[in-house]
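Participant: Take this sequence and fold it.
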Amino acid sequence: MLDIIPTSNGPQQRNLTESKHTMSARPLFTALRRRLYSTSTEAPRPIRNILIANRGEIALRVSRTAALHGIRTTTVYTAPDAASEHAHASPYSVNLGEASAYLDAEKILRVAKGWGCDAVHPGYGFLSENSAFAKRCAEEGIVFIGPPPNAIESMGNKSASKDIMLSAGVPCVPGYHGSNQDPAFLAQQAEEMGYPVLIKAVKGGGGKGMRIATSAAEFHAMLDSAKSESKSSFGDDTVLVERYITTPRHIEVQVFADNFGNCVALGERDCSVQRRHQKIIEESPAPLLDPEIRKDIWKKARDAALAVGYQGAGTVEFIFDNDTGEFFFMEMNTRLQVEHPVTEMVTGVDLVYWQVLVASGQPLPMTQEQVEAGLNGHAFEARIYAENPEKGFIPDSGMLLHLQTPKVTESVRIDSGFRQGDEITTFYDPMIAKLIVKGDTREAALAKLRVALEDYQVAGPSTNIEFLKTLAAHPDFIAGNVETGFIPKHHDELFAASQTPPEVFSQAALSIILSESQPLLPADPFTTLGGGIGYSGGFQTRVLHFSDGHSETPIAVEVSQATADSYNITIGTTLLPAVMIRQDSSTLYGYYPHTRIESTIVRDDDKLFVFQHGKQHQLTLSTPAWLEKLRGPKEASNSVVAPMPCKVLRVDVKEGQEVKKDQPLVVIESMKMETVIRSPVDGVVRKIVHPEGDVVKAGVTLVLFEEEAGEGGGA
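Facilitator: Residues are numbered from 1 along each chain as shown. Just a heads-up that it's a prediction; the model follows:
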């Protein structure tokens, strides 16, 4: 059990903000600290039972640290998460009910009190930055493992936080952060500061409620879109408008403060490589950063935390202008970050344990000098998402049919809340796992990341793993030349089409044939699936057709059995004689004249996932003509379909309305993300198939056009 014992020298006697590497806090902070750190004379309060008010990998992460220090944990889950790993991580677990119940503060408080919990850890997302929840915890006598409510409120409002930062001497991006939300007034402000401008929800986060307007002509459309998404995500459509830096980096500092006025910076992270304004890969320390600027960013981050009387773990995020070398305060996340493991890797600090220490009334266990002396090596975190990068990174869902992860070592860590057989649902964020690696140098860490990604196998929903492999091997990323526009800037290279090796088709075809009860030995020539059968030298010949997403027409693979244990495979004009050794579960071993090939093959109906030589290939087995006929006609070409499982939030057109190509038709929501579905053609809307509020599956028709709309309909 973690018992908190006051240190002999007394935490009040040391001020960690006054180190040889930093300047003293401004006079403004002195009064704030006297007023805000009023608990410094209170005795430490032991924490013995934590309610983890979250799900997935962060719930498991908190549970692991608690267990190491003898602290009991109580977990909560919702109906969609009943079979999840975090729901079974503790013998004390409570069903909250419907999917949205992780946001039900009162229900969570009732569970905490009913199960004897003396503290709540909110993780990230959900209630983690909800000041009202933090206040309610205090009212109920429960420790909120996070910052005080006033700090959450001050930093949660992006307009108010910038005023506080300017007063504290922390630089901010020029812009309008006031309360006047008249569209004409905001457009005038944008005109005065010059395009491009960033429109951002004042209570936003995770890229939601954020739009970029490059000209006056599109300002109002971007403003409407940002306000709509902000309203649905945060219940507030207030936005700010500020200058958009064209070649920015996203650099953030992990800060930690206690309730005695001590604050340290635990290095910085570079989170520049993003899609949909959301991070995809993070690293610490930030590459190619001048040492003096690095120290200045740390100091400004600590000033920011002290300015609001911060306590606990927080992240101060900055925009770094690659063109000028300037950096500006962007926002502060008043919680533990998703990417906190990279900081843990390079500092050797357990940030969750520090959260518990500070929440229980203990001073920080390290000084700034000790933190800096302990910084060691370089770390990366790659987020493994269920999403389709080639379709604009739209989220995906479905069962994890196959899951193989890299071997975990001291320098390779995996934080995940899913196991093979679990389902990625549409109710929550589509992140499957976080892959974290560390090396002595950035080059060494990046090499480990590439190898670990090659060992990562996921079959079921689409994932970004192949994209991450390409990204980690890109010359500019290797060189550290990163910015938030990295993906669009290098789009053609990152999404370059690749040819599927003939051995992939060969292994896939052999896997299907060997999985049948009677392979190609003489049998009834009329019993076949997916191709034709003939005879060659007394043995059958089988032809299968596969689509790989790259070729315009299906690839024909002809397999003929030469002897009892050998096969000849012809792919187009390429002949591949092969001898099969064995097939263990989903792994197929084949000896070819030029090499031995080991493939893991997972079949889901007519889709095959082939993992071979560290790369995933997806093939689709073409349906025989007779089966196509049984299934009926394909979806009409004059329709717009849902690109993912989703809820229809808004329909912007009416039946009988004439629309132009790229005109918004409907707005959908999936996994907390809004997507505008636009018209693929000029035409006339014949039918709105699914009205606002409907929940639909991927591929379901949303809008149907009149036939004369022409070909090419799609989302």
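
Participant: For stretch 386-406, C-alpha coordinates in CSV please.
Facilitator: Once side chains and other backbone atoms are set aside, the C-alpha atoms of stretch 386-406 remain, and they are given as CSV (Å, rounded to 0.1, in the frame of the first residue of the first chain):
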residue,chain,number,x,y,z
ALA,A,386,-7.9,1.3,-37.4
GLU,A,387,-8.2,3.6,-40.4
ASN,A,388,-7.6,3.7,-44.2
PRO,A,389,-4.8,6.0,-45.1
GLU,A,390,-5.4,5.7,-48.8
LYS,A,391,-9.0,7.0,-48.3
GLY,A,392,-8.1,10.1,-46.4
PHE,A,393,-7.4,8.2,-43.1
ILE,A,394,-11.1,7.5,-42.6
PRO,A,395,-11.6,5.4,-39.5
ASP,A,396,-12.4,1.7,-39.8
SER,A,397,-14.0,-0.8,-37.5
GLY,A,398,-14.4,-4.6,-37.2
MET,A,399,-13.0,-7.6,-35.4
LEU,A,400,-9.3,-8.2,-34.9
LEU,A,401,-9.2,-11.5,-36.7
HIS,A,402,-5.4,-11.8,-36.3
LEU,A,403,-3.0,-9.8,-34.1
GLN,A,404,0.7,-10.4,-33.8
THR,A,405,2.8,-7.8,-32.0
PRO,A,406,6.6,-7.2,-31.8
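
Participant: Tell me the buried residues in that stretch?
Facilitator: Within stretch 386-406, the residues scored as buried using 16 or more other C-beta atoms under 10 Å are 386-389, 393-398, 400-403, 405-406. (Glycine included, C-beta is placed from N, CA and C.)

Participant: got it, and stretch 494-505?
Facilitator: 494, 500-505.

Participant: As a markdown table, those residues with distance to Gly314 and pLDDT would be great.
Facilitator: Shown next, in a markdown table, are the buried residues of stretch 494-505 (distance: C-beta to C-beta, whole Å; pLDDT from 0 to 100):
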| residue | distance to Gly314 | pLDDT |
| --- | --- | --- |
| Leu494 | 33 | 97 |
| Thr500 | 47 | 94 |
| Pro501 | 48 | 94 |
| Pro502 | 53 | 94 |
| Glu503 | 51 | 95 |
| Val504 | 47 | 96 |
| Phe505 | 52 | 96 |
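
Participant: if you look at those residues, which of them are in helices?
Facilitator: 494, 502-505 (DSSP state H).

Participant: could I get the residues you listed as TSV with distance to Ile512?
Facilitator: Conversion of those to TSV gives the following (distance: C-beta to C-beta, whole Å):
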residue	distance to Ile512
Leu494	32
Pro502	16
Glu503	15
Val504	13
Phe505	11
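
Participant: on that earlier part again, okay, among the buried residues of stretch 386-406, which ones form the most distant pair?
Facilitator: Within those, Ile394 and Pro406 form the most distant pair, 26.2 Å apart (C-beta to C-beta).

Participant: Isn't Arg61 up against Tyr353?
Facilitator: No - the pair Arg61 and Tyr353 does not pass the contact test of C-beta atoms under 8 Å, sitting 11.2 Å apart.

Participant: Between the two, which has more neighbouring residues?
Facilitator: For Arg61 versus Tyr353, neighbours defined as other C-beta atoms under 10 Å are more numerous around Arg61 (24 against 16).

Participant: List the contacts of that one.
Facilitator: 352, 415 (C-beta atoms under 8 Å, 6 or more residues apart in numbering).

Participant: can you list the weak-confidence ranges in the stretch 201-350 of the chain?
Facilitator: Residues of the stretch 201-350 of the chain meeting the criterion pLDDT under 70: 204-206.

Participant: Strands of that one, residue ranges please.
Facilitator: According to DSSP state E, counting those that start in this stretch, the stretch 201-350 of the chain carries its strands in the segments 208-213, 239-243, 248-257, 263-270, 274-275, 278-279, 281-284, 312-321, 327-333.

Participant: Equivalent analysis for the stretch 501-650 of the chain, please.
Facilitator: Chain-ordered strands for the stretch 501-650 of the chain, with DSSP E, counting those that start in this stretch as the definition, fall at 533-536, 539-547, 555-563, 566-571, 574-584, 587-591, 596-604, 607-612, 615-621, 639-641, 646-651.

Participant: Identify whichever of those lies nearest to Ala53.
Facilitator: strand 646-651 (24.5 Å).

Participant: chain center to the closest one: distance?
Facilitator: Its chain's C-alpha centre and that of strand 646-651 lie 22 Å apart, by C-alpha atoms, centre = their mean, to the nearest Å.

Participant: what packs against it?
Facilitator: strand 664-670, strand 695-696 (3 or more C-beta pairs under 8 Å, 6 or more residues apart in numbering; DSSP states H and E).

Participant: Can you give the distance of the longest one from its chain's centre?
Facilitator: Average the C-alpha atoms of strand 664-670, do the same for its chain, and the two points are 21 Å apart (C-alpha atoms, centre = their mean).

Participant: what lines up beside it in the sheet?
Facilitator: Partners of strand 664-670 in the sheet, by DSSP bridges, are strand 646-651 (antiparallel), strand 673-678 (antiparallel).

Participant: Run the chain-centre distance for the last one.
Facilitator: It stands for strand 673-678. Centroid displacement of strand 673-678 relative to its chain, using C-alpha atoms, centre = their mean, is 18 Å.

Participant: Quick one: low-confidence residue ranges for this protein.
Facilitator: Applying pLDDT under 70 to the chain flags residues 1-42, 204-206, 517-539, 624-637, 672, 708-715.

Participant: Can you give me the domain assignment for it?
Facilitator: Domain segmentation of the chain under automatic domain parsing yields 11-153, 174-243, 248-494, 502-628, 633-709.

Participant: Quick check: Ser462 touching Gly392?
Facilitator: No - if you go by C-beta under 8 Å, Ser462 and Gly392 don't touch, sitting 11.9 Å apart.

Participant: how near is the residue sitting nearest the centre point of the chain to Glu57?
Facilitator: For the chain, the residue whose C-alpha lies nearest the mean C-alpha position (C-alpha atoms, centre = their mean) is Met431; its distance is 4.7 Å. Using C-beta to C-beta, to the nearest Å, we find Met431 at a distance of 8 Å from Glu57.

Participant: Whichever helix or strand Lys162 is part of packs against which elements?
Facilitator: Counting by DSSP states H and E, the secondary-structure element that holds Lys162 is helix 158-167. In terms of contacts (3+ C-beta pairs under 8 Å, 6+ apart), helix 158-167 is packed against helix 149-156, strand 197-205, strand 239-243, helix 291-307, strand 327-333.

Participant: Can you tell me what sits against that helix?
Facilitator: With contacts defined as C-beta under 8 Å, 6+ apart, helix 158-167 is touched by 28, 154-155, 171-172, 177-179, 200-204, 238, 240, 304, 307-308, 329, 331-332.

Participant: how far out from the middle of the chain is the following helix or strand past it?
Facilitator: Towards the C-terminus, the helix or strand next in line after helix 158-167, according to DSSP H and E, is strand 175-176. Averaged C-alpha coordinates place strand 175-176 at 29 Å from its chain's average position (C-alpha atoms, centre = their mean).

Participant: Give me the packing partners of strand 175-176, helices and strands only.
Facilitator: Strand 175-176 is packed against helix 183-193, strand 239-243, with contacts defined by 3+ C-beta pairs under 8 Å, 6+ apart.
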